[in-house]
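1. here is a sequence together with a model predicted from it:
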Amino acid sequence: MSVYVGNLSYQVTQDALTSVFAEYGSVKRVQLPTDRETGRLRGFAFVEMSSEEEETAAIEALDGAEWMGRDLKVNKAKPKEDRGSFGGNRGGGGGYGGRNRY
């Protein structure tokens, strides 16, 4: 499980976020998603820590705390949704409409 960190400054770095969360335990991984089009940070991150207790301590301490001029939103990350179940055909098939090709 990991921690969701929202309302981040767009100037945040992976190292800076790691050092903030390291105060509450061992940080295993930090993910800072970027926009596919612009490459700009999206304003949120996911932080994975070594134990549930460390995650809980970080959430309790940092949720609502001001950091880099912003009030952080920190909570348990929700499991990733299956994005393949949004109606419509996503390109599968590859057939030729039943017509014979010679």
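-> Okay, I see it.

2. looking at it, residue 29 is touching residue 21, isn't it?
-> No - at 10.5 Å, residue 29 does not count as touching residue 21 under the criterion of C-beta atoms under 8 Å. (Each C-beta comes from the backbone N, C-alpha and C, glycine too.)

3. off-centre distance for stretch 30-46?
-> 8 Å (C-alpha atoms, centre = their mean, to the nearest Å).

4. okay, and the common contacts of residue 29 and residue 21?
-> Common contacts of residue 29 and residue 21 (C-beta atoms under 8 Å, 6 or more residues apart in numbering): residue 47.

5. for stretch 62-75, which outside residues touch it?
-> Here stretch 62-75 has contacts from 3-9, 11-12, 16, 20-21, 24, 58-59, using C-beta under 8 Å, 6+ apart.

6. tell me where the protein has strands.
-> For the chain, strands defined by DSSP state E occupy the ranges 3-6, 27-31, 44-49, 66-67, 70-71, 73-76.

7. now those strands as TSV including distance to residue 37 and mean pLDDT?
-> Listed next are the strands of the chain as TSV, based on distance: least, C-beta to C-beta, whole Å; pLDDT from 0 to 100:
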stretch	distance to residue 37	mean pLDDT
strand 3-6	21	98
strand 27-31	19	97
strand 44-49	17	97
strand 66-67	27	97
strand 70-71	23	98
strand 73-76	24	97
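
8. let me have these in a markdown table, extended by mean neighbour count.
-> Output for the strands of the chain, formatted as a markdown table (neighbours: other C-beta atoms under 10 Å):
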| stretch | mean neighbour count |
| --- | --- |
| strand 3-6 | 20 |
| strand 27-31 | 16 |
| strand 44-49 | 20 |
| strand 66-67 | 12 |
| strand 70-71 | 13 |
| strand 73-76 | 16 |
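
9. could you dump those to TSV with distance to residue 38?
-> Listed next are the strands of the chain as TSV, based on distance: least, C-beta to C-beta, whole Å:
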stretch	distance to residue 38
strand 3-6	19
strand 27-31	18
strand 44-49	15
strand 66-67	23
strand 70-71	20
strand 73-76	22
